[in-house]
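>>> Everything below, folded, please.
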Amino acid sequence: MFICIEGNIGSGKTTLAKALSKQLKATFLPEQFEENALLPLFYKDQKKYAFPTEYSFLIDRHKQLTTFFNNYKNKQLIISDYHFDKCICFAKANLSKKDYTFFKKHFKSIVDTLPTPNLVIYLTTSTKLLKCNIAKRGRKMEQDLPISYLEKLNLVLDEYYIQKHRLKTTILVLKIKTYNSATLKTYCKEIEQVIEKLKK
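Here you go, the predicted model:
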């Protein structure tokens with residue numbers, strides 16, 4: 001079974017994915033965003049670097065998932081802290097209409113070559129909490145992200161995963177209000193119950 005966790009920047013995807021992987025003794029598949037040298041440049045000049053950044057993430061994520069699943073022989077549960085479809089969401093938020101049209105064609109041509117998750121867990125939260133989480137984890141390149149940018153991403157992601165959901169998989173929407181040991185246990189328990197239903 002393949003499970004993906006998706007949400008805005010700072011929504012707690014990795015925190016939840018690691019906790020869930022530990023509880024369910026699953027294989028954790030993390031996003032390799034830190035290896036993308038264009039991301040810090042994008043945060044400094046979004047207009048100039050939007051297209052090369054989004055396109056590089058499209059290629060990098062496709063390569064990572066293809067390589068992983070081609071070599072993965074275990075039957076163990078896999079939990080990832082990202083969903084490949086985030087590519088099209090971030091592209092819609094960041095690219096011009098012309099660039100987005102071009103990007104969308106390429107996305108559609110490769111998305112079907114990847115395994116479809118059995119479950120996508122979408123985390124939705126306030127921009128206030130996003131900013132708080134971003135500040136806490138202390139990644140320098142993220143510290144100056146404006147609230148307006150996070151709000152724009154929230155709108156695009158909510159539209160894709162909640163309002164106009166057309167994905168061929170189960171979507172579980174979790175409203176995140178805070179993260180602590182107690183809430184993490186609650187979230188993991190809720191997800192585990194959904195997983196058990198899917199197995200049946």
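
>>> in the chain, which helix has the most residues?
helix 46-71 (DSSP state H).

>>> can you list the weak-confidence ranges in the protein?
Judged against pLDDT under 70, the chain has no low-scoring part.

>>> what are the ranges of the helices in it?
13-24, 38-44, 46-71, 86-94, 97-111, 127-137, 147-158, 181-199.

>>> hey, which of those helices is tucked in deepest?
For those, the largest average neighbour count (mean count of other Cβ atoms under 10 Å) is found in helix 86-94, namely a mean of 21. Just so you know, the C-beta spots here come from the backbone N, C-alpha and C atoms, and that holds for glycine as well.

>>> what does that helix contact?
The contact list for helix 86-94 (Cβ atoms under 8 Å, 6 or more residues apart in numbering) reads 6, 42, 46, 50, 53-54, 57-58, 61, 99-100, 103-104, 107, 111, 152-153, 156-157, 160.

>>> now stretch 24-37
With contacts defined as Cβ under 8 Å, 6+ apart, stretch 24-37 is touched by 3, 14, 17-18, 20-21, 39, 53, 56-57, 60-61, 64, 68, 72, 74, 76-82, 192, 195.

>>> Isn't residue 49 up against residue 38?
Yes - look at residue 49 against residue 38 with Cβ atoms under 8 Å: they come within range, at 5.9 Å.

>>> so who does residue 55 touch?
Shown in contact with residue 55 (Cβ under 8 Å, 6+ apart): 103, 106.

>>> I'd like to know how far it sits from residue 157.
Relative to residue 157, residue 55 is positioned 19 Å away (Cβ to Cβ, to the nearest Å).

>>> same question, residue 22
Residue 22 sits 26 Å away from residue 157, going by Cβ to Cβ.

>>> Then residue 135?
For residue 135 relative to residue 157 (Cβ to Cβ), the value is 21 Å.

>>> cool, and residue 34?
Distance from residue 34 to residue 157, counting by Cβ to Cβ: 21 Å.

>>> got it, and residue 82?
12 Å.

>>> Between the two, which contacts overlap?
residue 6.

>>> what sits against the residue lying closest to residue 199 once chain neighbours are set aside?
Take residue 199 and drop its neighbours on the chain: the residue closest to it by Cβ to Cβ, 6 or more residues apart in numbering is residue 1, 7.5 Å away. The neighbours of residue 1, taking Cβ under 8 Å, 6+ apart as the test, are 77, 78, 118, 119, 195, 198, 199.

>>> now those as JSON lines including distance to residue 186?
Formatted as JSON lines, those follow (distance: Cβ to Cβ, whole Å):
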{"residue": "77", "distance to residue 186": "20"}
{"residue": "78", "distance to residue 186": "23"}
{"residue": "118", "distance to residue 186": "22"}
{"residue": "119", "distance to residue 186": "17"}
{"residue": "195", "distance to residue 186": "15"}
{"residue": "198", "distance to residue 186": "19"}
{"residue": "199", "distance to residue 186": "21"}
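
>>> and residue 67, what is it in contact with?
For residue 67, the contact set (Cβ under 8 Å, 6+ apart) is empty.
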